[in-house]
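Participant: Provide a 3D model corresponding to the input given below.
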Amino acid sequence: MVDGFGNALSMTSTIENGFGAQIMVRGFLLNNQLTDFSFVPEVDGRPVANRVQPGKRPRSSMTPLLVFDRDSGRFEMALGSPGGAAIIGYVSKSLIGVLDWQLDLQQAIALPNFLSRNGPTELEQGRASEALQQSLRERGHALSVAPLTSGAQGIQRRGAGWFGAADPRREGVAAGD
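Facilitator: Presented below is the predicted three-dimensional model:
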């Protein structure tokens, strides 16, 4: 979001549920579950780094992103997505689409989703060709083909104005003035 003064905001408001615990402390919304911690405190008698313990912070995939022009420092784009551990892949795909492939933000968000979360290579159901799947299998990839509905959304500078974008896989649309 960008206001009339050019101030920009990108945020993650899901935090396991809409606005998490709905409690804000020093400007941060609190999570309403412990699901970002490991469910097991030990493996093979050794403590798991992401175990529940006083004073620890859980791992998180929240990736609210602001992009600035390298030369001028001018704000160019805000981008974010719900999706738990898949958020990083959804946001990265969209960012690469805009910066490396010169797509507009809507085109980049609409690209097929694909992920790697230290397990099988995940491909979006109905969007990955059989040829791609076979090629990946031949290279040793274990595949998981399933719906990958990101819900990514953002805003991008276009000339003197702004261009909003929302994932067509979900109910949201970009609107504004």
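
Participant: for the chain, what are the low-confidence residue spans?
Facilitator: For the chain, the stretches with pLDDT under 70 are 13-14, 32, 176-177.

Participant: V98 should be in a helix, yeah?
Facilitator: Yes - judged by DSSP: H, G, I helix; E, B strand; the rest coil, V98 forms part of a helix.

Participant: now the strands for this protein?
Facilitator: 24-25, 28-29, 42-43, 46-47, 65-68, 75-80, 114-116, 121-124, 143-146, 153-158, 161-166 (DSSP state E).

Participant: tell me which of these sits nearest to L99.
Facilitator: strand 65-68 (7.8 Å; CB to CB). Every residue, glycine included, has its C-beta placed from N, CA and C.

Participant: what is the closest one packed up against?
Facilitator: Packing partners of strand 65-68 (3 or more CB pairs under 8 Å, 6 or more residues apart in numbering; DSSP states H and E): strand 75-80, helix 87-99.

Participant: tell me, how many residues neighbour L29?
Facilitator: 17 (other CB atoms under 10 Å).

Participant: let me fix that, I meant to ask about D36.
Facilitator: Counted with other CB under 10 Å, D36 comes out at 18.

Participant: before we move on, the earlier item: deepest of the helices and strands packed on strand 65-68, which one?
Facilitator: Highest mean neighbour count of these: strand 75-80, a mean of 22 (counted as mean count of other CB atoms under 10 Å).

Participant: quick one: contacts of it?
Facilitator: If you take CB atoms under 8 Å, 6 or more residues apart in numbering as the criterion, strand 75-80 is touched by 1-2, 6, 8-12, 63-69, 87, 91, 94-95, 98, 105, 152-157.

Participant: if we go to 6 Å?
Facilitator: 8, 10, 64-69, 91, 94, 154-157 (CB atoms under 6 Å, 6 or more residues apart in numbering).

Participant: with adjacent residues omitted, what lies nearest to Q107?
Facilitator: Distances taken as CB to CB, 6 or more residues apart in numbering put G97 closest to Q107, at 6.6 Å, once the chain neighbours are dropped.

Participant: so how far is D104 from the one you found?
Facilitator: 9 Å (CB to CB, to the nearest Å).

Participant: same thing with A146?
Facilitator: 27 Å.

Participant: mind listing what's buried in stretch 15-27?
Facilitator: The neighbour-count check on stretch 15-27 (16 or more other CB atoms under 10 Å) flags 15, 20 as buried.
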